[in-house]
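J.: kindly return the folded structure for what I paste below:
(6 chains, ligands or ions: 3)
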Amino acid sequence: MKLGSVLRWGAPALAAGLMMSAAAFAQDAAAPAAAAPTVDKGDVAWMIVSCVLVLFMTIPGLALFYGGLVRAKNMLSVLMQVSAIACLMMVVWIVYGYSLAFSGGNAFIGDFGKIFLSGVTSESLADTFTDGVKIPEYIFIAFQMTFAAITPALIIGAFAERIKFSAVLLFSVLWVTFCYYPIAHMVWASNGMIFNWGALDFAGGTVVHINSGVAALVGALVIGKRVGYGKDIIAPHSLPLTLIGAGMLWVGWFGFNAGSNLESNAGTTLAVLNTFVATAGAGLAWMFVEWAAKGKPSMLGLASGIVAGLVAITPAAGVSGPMGALVLGAVAAVVCFIFCTTVKNALGYDDSLDVFGIHGVGGIVGAIGTGIVVSPALGGVGVDGYAMASQVVTQIKAVAVTIVWTGVGSFILYKIVDVLVGLRVSVEEEREGLDLISHGERAYHS
Amino acid sequence: MKLGSVLRWGAPALAAGLMMSAAAFAQDAAAPAAAAPTVDKGDVAWMIVSCVLVLFMTIPGLALFYGGLVRAKNMLSVLMQVSAIACLMMVVWIVYGYSLAFSGGNAFIGDFGKIFLSGVTSESLADTFTDGVKIPEYIFIAFQMTFAAITPALIIGAFAERIKFSAVLLFSVLWVTFCYYPIAHMVWASNGMIFNWGALDFAGGTVVHINSGVAALVGALVIGKRVGYGKDIIAPHSLPLTLIGAGMLWVGWFGFNAGSNLESNAGTTLAVLNTFVATAGAGLAWMFVEWAAKGKPSMLGLASGIVAGLVAITPAAGVSGPMGALVLGAVAAVVCFIFCTTVKNALGYDDSLDVFGIHGVGGIVGAIGTGIVVSPALGGVGVDGYAMASQVVTQIKAVAVTIVWTGVGSFILYKIVDVLVGLRVSVEEEREGLDLISHGERAYHS
Amino acid sequence: MKLGSVLRWGAPALAAGLMMSAAAFAQDAAAPAAAAPTVDKGDVAWMIVSCVLVLFMTIPGLALFYGGLVRAKNMLSVLMQVSAIACLMMVVWIVYGYSLAFSGGNAFIGDFGKIFLSGVTSESLADTFTDGVKIPEYIFIAFQMTFAAITPALIIGAFAERIKFSAVLLFSVLWVTFCYYPIAHMVWASNGMIFNWGALDFAGGTVVHINSGVAALVGALVIGKRVGYGKDIIAPHSLPLTLIGAGMLWVGWFGFNAGSNLESNAGTTLAVLNTFVATAGAGLAWMFVEWAAKGKPSMLGLASGIVAGLVAITPAAGVSGPMGALVLGAVAAVVCFIFCTTVKNALGYDDSLDVFGIHGVGGIVGAIGTGIVVSPALGGVGVDGYAMASQVVTQIKAVAVTIVWTGVGSFILYKIVDVLVGLRVSVEEEREGLDLISHGERAYHS
Amino acid sequence: MKLVMAIIKPFKLDEVRDALTGIGVHGLTVTEVKGYGRQKGHTEIYRGAEYAVSFLPKLKIEVAVAAGSVDKVVEAIAAAAKTGQIGDGKIFVYSIEQAVRIRTGETDGDAL
Amino acid sequence: MKLVMAIIKPFKLDEVRDALTGIGVHGLTVTEVKGYGRQKGHTEIYRGAEYAVSFLPKLKIEVAVAAGSVDKVVEAIAAAAKTGQIGDGKIFVYSIEQAVRIRTGETDGDAL
Amino acid sequence: MKLVMAIIKPFKLDEVRDALTGIGVHGLTVTEVKGYGRQKGHTEIYRGAEYAVSFLPKLKIEVAVAAGSVDKVVEAIAAAAKTGQIGDGKIFVYSIEQAVRIRTGETDGDAL
Ligand SMILES: Nc1ncnc2c1ncn2[C@@H]1O[C@H](COP(=O)(O)OP(=O)(O)O)[C@@H](O)[C@H]1O
Ligand SMILES: Nc1ncnc2c1ncn2[C@@H]1O[C@H](COP(=O)(O)OP(=O)(O)O)[C@@H](O)[C@H]1O
Ligand SMILES: Nc1ncnc2c1ncn2[C@@H]1O[C@H](COP(=O)(O)OP(=O)(O)O)[C@@H](O)[C@H]1O
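T.: Numbering: from 1, shown residues only, chains lettered A, B, ... in the order given. Ligands and ions are numbered 1, 2, ... in the order given. This next block holds a predicted model:
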């Protein structure tokens, strides 16, 4: 039987920790010592659901969360960018993305061994974190595909309302190739550099959030401010759609965070509980801090806190205890609040939808905080030979590599795209709105 | 191995009834007589999904269902109240709520043995209704948390468009502590008073719907009518959002109703089928009755019927047969229709979104009807020593305790909140709209 | 033990092909040769989720996808029609629909053996495609019910904005009885005519999409054009709602396509992956073709392509390889694009929401293409004794029977409905809008 | 004939309409507008962005009346629309030279 | 110069616009308004609450024209907007003293 | 007194408002309108249906001013609203005979 040899994430001792709880599972008990790997239908069911949930996060979730925040004249452009990127990334993924991220290769990047999914069949299996427990490789491919689909879509919030559609597509393909696949490989593949440092990233804090957040910041700087920024009223055209999106993000994020356990066991349920409480804590933290600082608690603040909490708990979802998760979420929300309301204005760049302020900053707080909340002393599940200081240093190293790689890489890619197709529409087109200009439609009629 | 000793609901004979069908499951067959408890990954997968579905019911489901029904100027306040309550209830739940509801204690309330989830780890297990079948305690905590999160959010529909935001938060914390946890404990904990009477409440008819419905009625009476009520046009600002919400409620309610079986077996699939047909029957019943009585079938009517049916089948989801469910749903919808269109107007109070008229009234019909449709003669699954009359009396007793406890409790809590922070905004603020006044935002811009 | 003897779809060799991968499952390995059938909780969990997903496709998914495309004055009528049909079809299904479709009978239609679900209990089981693996009959009933609920709702897009509500309800009941149940029986029941020809229809390409698409075309022709069609601007009132709907359709379609495998195994994960890539490819294909042909890529185009891809992959979801799925989706999208933008205008009928252009045309491309992409030479899973030419001929025969049966049947039923209650509202009523005229409500207020 | 155009607070519409029908005026046209004046607006905050909004929602009411009824109409509107609070709005009057009822072709006084 | 203001049924807009361009008028401004008049409204029901809605959607069209063309314009609008059913709307005409085209600064007749 | 009615491009509102407050005019009323004129519209495509849209979003600004300030006001608006591109809009001026501040009952000049 040919097995896929992919391994998502798995400091061995941690995997062992998760297995202990799995020992209560009857099937496992029945499995002979080193027998054929087993595929449990419960795991398969959960992983299918996880794929569906991450798609749901993206379309309509993220599309709405972002779309509600722009002006009506740019609504469709945002919905379109998110959706088209997701589709394009799926196609690229099965053509060469999966191979580059997860097939062989070196410490930085995979190889072309599985382009066009060559060699993958219904019998191919992928590893989980538990020895001898496997899942069909098709579902591993699909699950990882949804991650690769949402990540570049996150970036577009930074330059919403002024980017050319062709530039969005071209940039996304380049960026996923030169920034996402390498970082994903480094962090999650068993031969990846950051993986072998022992850095913890349960569900993609570095790979997804810091990665996209930094690319977003660079994009906002390269592309420049919206016409009228700081002068005209540029208010969200439909906060209800943004809340629907935030709710869908939360709902879908269970696929993201708990699906990353690749099994349906007690460890997965811990990730579920953490994804509830970190998020709730973060939403409340943003709300109360804003209430204190600005005099009124806003719905957009609550929604922003919810997303900040989801971002922050992502790397820690399966390794923190519930109380650690609550604190991590709340801290991240407060830091993001300060960043989005004060630091950003002081720096004066126009990251339209605060992609860096929430995904970048929240991702950094989460990634570093993971090194703390994993501590058994704080209710975390621990890793073999855990020492807080050294784990935090490892986490910081992983963060630093991601920031530098993506910061430099994205800058170069934006410049290339600018030369090839141009990044930005004209001032008149920006005034008219991207919906009519780029897509020939308007979002609302009577 | 330390086991959680929680038991959700389980007149023993009924549990046995559900087990019979479970006997077809291979794993069970393989389990030794009184061996170690087993955790099935299929159960875990289903319970995770159930948690996600109940969150989805709440945000964005309930938020939209309610939000679409208010005027645009109060839209965000409703979305915010529902979301903030949900977050707050999650935090309170892991701090002391779970402990008060499900840890030890007496016939009325639990104790503080598990505050901050102390002692709960990845190895902790919780009972299901099948002997020897367990689920991780984390997922039981998360599942019950979602119930505690949505219930106080249901109440806010009664005083939407005029309540102070600080009053909402304060009331919710008090109410969940003094009304929800005790009733949940009485009905679902193995040492709970109502549980031991043998009252049936599969998924929360008393605990969730009657409980919140009665608190809503009291709130509408204490807080008073909206400015312009009965004079101005106070029409729903977006019925499409209300329908999206109703659809999401239906979708999410499968987590509520079928998740309450705590396993993924044939009994669960009966709850699924019932949650389809009772709801469909109720939606149609409301539609046809309205068509006959008012001359036109309205979409809001259909949506209201759908929710009424979901409420009514909640206590009976796993114990009724499909035909009983259909009838129960239809009857509840007709009773709720009469209540919301006639009785309420006659009584003259302003329950803005008919929380009592649908959740309270529908919950009462469902709770009492459960005593009837459980009858094996009517296709129900039966309980040990079932006699319709005595079961109905037991159901009525459970309903009565809930109404009295919550009616009195809520009244006192509203008065306390009024003294502490004030319940209601000023007339000018109410005219201006809560979105601007309380949250400094507007829902829609162009 | 009494077993349900239903069989959804299962050219035996194909089932065997799927089983090969299932051989890796531990439970199966442990099962004695011809022992008692087993029910796996993972399968049950997945099938419950699939039911929920198909409901989600319908309400709010399809309702929004369609609703966003009509003018604001007809919004509620569309939401109402979709929702009321779904409810009505559920009730009809448990009364006699399930029996007519799946209980005994002859090559064309079932019998009345299971009306009112008589004889079905928690112990009843239904077959899957794997020998000896069963699922509770309740969940099979529920799953098939969701298919019967969405199919007639698809049709209403053809005559949206001008149909009488009573006509919609009456037509739906007649059509499901005389067109849907027979075709479903012919294609999926083990004694069905088309099933026994060996035609492949994994998840309902003929039964659902061609069936509804042809009924839609006939409806558009019989009922006639909207007032002002081709003269006034009849633009979608809310494309964001249409995109939310499209996203929900995609999300829910995993229940449709992957749920149709009736188990949670490797074959299911193939259907999942195909449902991603065919859809992504179709969305992009429509987008790029439109960009080339019309100068701008539209969001509605992308969304239309997504739906066309979902339709096309439906019959092939579990039998195509991922690359075949990608090509099939893309080809279908291009054909649908040409049809909706050119052929339809040339023919001059008013299929308001392009039900035939997408479900009919996409369904035909998919059904015939399934005969091609199933080829092992193209990465498909193959069927016993596969020869492309003969399989394609079989597929065409199945398509032809469906078109003729439903084309003739629908025409007769429309005429009957016209005589009984009238199909169309008056011109003044059409101008005023169906929301006020038929339902006494308006979708939006301020 | 005169056209009386009034800018009022939105929640006063029903009272104004009732006042007008009370004095026998049975036709009017209403437009949603935004007003800028002495009444101060409010501040909205969306994350880091704060906006001072000075345009406030108002309704514009237009009533065509015979010249002789103008004072009565102006008084009725002024009385019904008044709250005494800043921002109550304005009434402007100007002459119209011609009026036509499209349905019948009636003109001037008969058209109202 | 005169300003012709017409209140019409919304679905008549295209016909009115075509009628005007037919007589050489190539500029106009349209506003969505609500009208109250003899045309009766409808009832809306939302659960237990029933509302009699008497304001109906109309469009207001404003066209500035040279004084000499007024009659032609009024006739064109009246003919195109007429259905003969109650609620067809009104046309009002008043004088304007000055007109400016912002782009060029042209005034009066040249500004139209 | 005069009423100055201007049709402008929407994104020019703030500049026009600032120009007016700059010359001491502190009240105005704004309406969202659709304009038809020489400025060409755009084409929208929804699947097979293509629509030429010739009505473009504009804002109508109404300012009541003392007769003596009219020229200043017209100039201020014209200057602030001008882009030099087709579609900049128009300014129309007409007389109003009466003005009332609803809150106080003040009339004419005092009402503005
Ligand atoms: N000079 C003006 N021209 C046109 N409309 C005006 C003028 N001044 C005020 N308005 C309108 O009247 C409304 C109320 O004016 P404001 O100065 O706020 O209060 P008050 O009516 O109490 O004087 C404004 O919102 C605006 O719509
Ligand atoms: N006195 C009036 N002043 C301003 N607008 C009016 C007046 N009377 C009627 N209207 C407008 O004309 C529209 C049509 O009037 P209505 O009396 O319903 O029918 P008809 O045009 O057939 O007389 C109304 O909806 C309103 O917008
Ligand atoms: N005769 C007219 N009457 C009323 N409004 C007009 C008239 N002509 C133009 N408008 C308004 O002025 C706007 C601008 O006019 P247009 O001819 O497009 O460009 P320009 O202002 O450069 O001449 C139009 O969109 C319309 O709202």
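
J.: now do the same contact list for the residue of chain D found nearest ligand 2.
T.: Checking chain D residue by residue against ligand 2 with Cβ to the nearest ligand atom singles out D:G27 as nearest, at 2.0 Å. Every residue, glycine included, has its C-beta placed from N, CA and C. D:G27 is in contact with D:V63, D:A64, D:L112, E:G35, E:Y36, E:G37, E:R38, E:K90, counting by Cβ atoms under 8 Å, 6 or more residues apart in numbering or on different chains.

J.: so what's the residue count around the fifth one?
T.: Right, E:Y36. Applying other Cβ atoms under 10 Å in any protein chain shown, we find 22 other residues in the vicinity of E:Y36.

J.: could you pull out the strands in chain D for me?
T.: According to DSSP state E, chain D carries its strands in the segments D:2-8, D:28-36, D:42-46, D:49-53, D:56-65, D:90-95, D:98-101.

J.: quick one: the last one near ligand 2?
T.: So that's strand D:98-101. Yes. Strand D:98-101 is in contact with ligand 2 by Cβ under 6 Å from any ligand atom, via D:R101.

J.: what lies in contact with that strand?
T.: If you take Cβ under 8 Å, 6+ apart as the criterion, strand D:98-101 is touched by D:1, D:64, D:106-112, E:70, E:74, E:78, E:88, E:90-93.

J.: coming back round to it: of the strands of chain D, which stretch is the most buried?
T.: Compared across those, strand D:2-8 shows the largest average neighbour count, a mean of 24 (mean count of other Cβ atoms under 10 Å in any protein chain shown).

J.: which positions in stretch D:99-112 come out as buried?
T.: Using 16 or more other Cβ atoms under 10 Å in any protein chain shown as the test for burial, stretch D:99-112 gives D:A99, D:V100, D:R101, D:I102, D:R103, D:A111, D:L112.

J.: and the end-to-end length of that stretch?
T.: 8 Å (Cα to Cα, to the nearest Å).

J.: stretch A:66-74 too?
T.: Distance between the two ends of stretch A:66-74: 11 Å, counting by Cα to Cα.

J.: and A:F411, how far from chain D?
T.: Taking Cβ to the nearest Cβ, to the nearest Å as the measure, A:F411 and chain D are separated by 24 Å.

J.: my bad, should have said A:W291
T.: Counting by Cβ to the nearest Cβ, the gap between A:W291 and chain D amounts to 12 Å.

J.: what about that residue, which helix or strand?
T.: Using DSSP states H and E, A:W291 maps to helix A:266-294.

J.: can you check A:S99 too?
T.: helix A:98-102.

J.: C-terminal to that helix, what's the next element?
T.: strand A:125-127.

J.: and A:N106, how many residues sit next to it?
T.: 13.

J.: contacts only, for it.
T.: By Cβ under 8 Å, 6+ apart, the contact list for A:N106 reads A:N191.

J.: can you give me phi and psi for it?
T.: Per-residue torsions, A:N106: phi -120, psi -160 (degrees, to the nearest 10).

J.: what lies in contact with stretch A:159-167?
T.: Under Cβ under 8 Å, 6+ apart, the answer for stretch A:159-167 is A:66, A:69-71, A:74, A:77-78, A:80-81, A:84, A:156, A:216, A:219-220, A:223-224, A:226-227, A:234, A:352-353, A:417-418, A:421-425, A:430, A:434, A:438-439, C:297.
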